[in-house]
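Q: Test case, fold it:
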Amino acid sequence: MNDTSFGPGPHCCRRIIFEGRVQGVGFRYTTASAARAYRINGYVRNCPDGSVELVASGHRQQVEQLLESLVKNFAGHIERQSVEELDVSEPFDGFEIRR
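A: All right, here's what the predicted structure looks like:
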């Protein structure tokens, strides 16, 4: 994909599950704000098991910067995270907080 609207670098889409004390600490709102600043598309949502799911689609460098920012900002809250590469075929129009 050669979409220059995302900025420099190859495009990627990742699904990250954050575990720990990540609900009720402003994680989703901070993630949404940072994702928009990095021009990342996708969503963030709370999961019933207490984890938070993030799907981030954009250029690899911005996605990595977003993840680094979240890990730094929530270092005392994140106990584990798992990252999965996704097919980039699902189009996202911006970034949203899902329920």
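Q: What's the first helix or strand after the helix or strand where Glu68 lies?
A: Secondary-structure assignment from DSSP states H and E places Glu68 in helix 60-73. Going down the chain from helix 60-73, the next helix or strand is strand 78-85, by DSSP H and E.
Q: Could you list every helix and strand that the helix or strand just after that next one packs against?
A: The C-terminal neighbour of strand 78-85 among helices and strands, as given by DSSP H and E, is strand 95-98. Here strand 95-98 touches helix 27-37, strand 41-46, going by 3 or more CB pairs under 8 Å, 6 or more residues apart in numbering; DSSP states H and E. The way it works is simple: take the backbone N, C-alpha and C, and place the C-beta from them, glycine included.
Q: Pairing partners for the longest strand anywhere in the chain, with directions?
A: In the chain, taking DSSP state E as the definition, the longest strand is strand 11-20. When sheet partners are counted by DSSP bridges, strand 11-20 sits next to strand 52-59 (antiparallel), strand 78-85 (antiparallel).
Q: re the thing from before, mind listing what's buried along the helix holding Glu68?
A: 62-67, 69-70, 73 (16 or more other CB atoms under 10 Å).
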